[in-house]
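*Asks:* Quick check, what structure comes out for this input:
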Amino acid sequence: MSGLHLADILNSGLGNYRQHHIMSYQQLRVCQHLQSCRTGQLGYQAWQCDSCSEVQQIGCSCRDRHCPRCQGMATAKWVQKQ
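*Replies:* Numbers count the residues shown, from 1 in each chain. The predicted structure is shown next:
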């Protein structure tokens with residue numbers, strides 16, 4: 001699986017898209033959430049291993065219902081139920 005995420009696509013092409021298309025406030029807000037998800041713009045969480053005391057910082061998620069990073073597990077469970 002590729003390391004490319006939807007946020008990478010939005011980061012590279014959203015500016016050009018907005019020059020030629022009108023986006024509603026809600027659409028722009030979702031795009032901004034997707035772009036900032038797990039990047040640190042929303043803050044970090046520090047997790048420490050109980051065994052070796054290694055600390056790892058993880059970017060906070062946007063928790064937007066349209067975000068594949070945040071809702072991927074819920075979507076997979078829903079699809080499996082169907």
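
*Asks:* Let me see the ranges of the helices in this structure.
*Replies:* Ranges of helices in the chain, per DSSP state H, are 6-20, 25-36, 68-81.

*Asks:* got a list of contacts for the lowest-mean-pLDDT helix or strand in the chain?
*Replies:* Least confident helix or strand, the chain: helix 68-81 with a mean of 85, by mean pLDDT, DSSP states H and E. Residues outside helix 68-81 that contact it (Cβ atoms under 8 Å, 6 or more residues apart in numbering): H5, L6, A7, C37, R38, S61, C62, R63, D64, R65. Where C-beta positions appear, they are placed from N, C-alpha and C, glycine not excepted.

*Asks:* Out of the residues you listed, which end up buried?
*Replies:* Using 16 or more other Cβ atoms under 10 Å as the burial test, the contacts of helix 68-81 include H5, A7, C37, R38, S61, C62, D64 as buried.

*Asks:* and of these, the nearest to L14?
*Replies:* A7 (9.9 Å; Cβ to Cβ).

*Asks:* Quickly note the distance from that closest one to C70.
*Replies:* Counting by Cβ to Cβ, to the nearest Å, the gap from A7 to C70 is 11 Å.

*Asks:* Next, name the residue at the spatial heart of this protein.
*Replies:* Compute the mean C-alpha point of the chain, and by Cα atoms, centre = their mean the closest residue is C37, 3.4 Å away.

*Asks:* Tell me the confidence at the residue of the chain most remote from its centre?
*Replies:* Farthest-out residue of the chain from its mean C-alpha position, per Cα atoms, centre = their mean: S51, at 29.7 Å. For S51, the model assigns a pLDDT of 92.

*Asks:* Got the phi and psi for it?
*Replies:* Torsion angles at S51 (phi, psi; degrees, to the nearest 10) stand at phi -80, psi -50.

*Asks:* quick revisit: so what's the residue nearest to the centre of the chain closest to, chain neighbours aside?
*Replies:* C62 (4.1 Å; Cβ to Cβ, 6 or more residues apart in numbering).

*Asks:* Can you give me the neighbour number for the closest residue to R63 other than its chain neighbours?
*Replies:* Once flanking residues are discounted, R63 sits nearest to C70: 5.4 Å by Cβ to Cβ, 6+ apart. Applying other Cβ atoms under 10 Å, we find 18 other residues in the vicinity of C70.
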